[in-house]
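Colleague: Give the three-dimensional model of this entry:
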Amino acid sequence: MPTGQSHAGGNLTQVGCWEYRWDAQNRLIRVRRRTDTPQESWRTVQWQYDALGRRIRQTTWTWNANSGTWEAT
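Modeller: All right, here's what the predicted structure looks like:
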């Protein structure tokens, strides 16, 4: 199992091809999977929260190698 990297606050930021991003309140706001090949396997999931810290939206993006753009699914 690959060793993970964490930032100063202790939140995991990367394990292998997975990257994690956190907001100032230590809430997970993005997970991204990027590999060298194939680009079709690239994926990003983003979350948004309301003022009370409740997750209110999830958006999943996948890379479309044919058009060279990210598409929300």
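Colleague: moving C-terminal of the worst-scoring helix or strand of the chain on mean pLDDT, what's the next helix or strand?
Modeller: In the chain, no helix or strand scores lower on mean pLDDT, DSSP states H and E than strand 4-6, which sits at a mean of 78. Using DSSP states H and E, the next helix or strand after strand 4-6 towards the C-terminus is strand 12-15.
Colleague: who does that following strand touch, helix- and strand-wise?
Modeller: strand 4-6, strand 18-22 (3 or more C-beta pairs under 8 Å, 6 or more residues apart in numbering; DSSP states H and E). Where C-beta positions appear, they are placed from N, C-alpha and C, glycine not excepted.
Colleague: Please enumerate the strands of the protein.
Modeller: 4-6, 12-15, 18-22, 28-33, 43-49, 55-64, 69-72 (DSSP state E).
Colleague: is it possible to export the ones you listed to a markdown table including mean neighbour count?
Modeller: As requested, the strands of the chain are exported to a markdown table (neighbours: other C-beta atoms under 10 Å):
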| stretch | mean neighbour count |
| --- | --- |
| strand 4-6 | 12 |
| strand 12-15 | 14 |
| strand 18-22 | 16 |
| strand 28-33 | 15 |
| strand 43-49 | 16 |
| strand 55-64 | 13 |
| strand 69-72 | 10 |
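Colleague: Return the member of those strands having the minimum mean pLDDT.
Modeller: Note on those: lowest mean pLDDT is at strand 4-6, with a mean of 78.
Colleague: Need the contact partners of that one.
Modeller: Strand 4-6 has contacts (C-beta atoms under 8 Å, 6 or more residues apart in numbering) with 12, 13, 14, 15.
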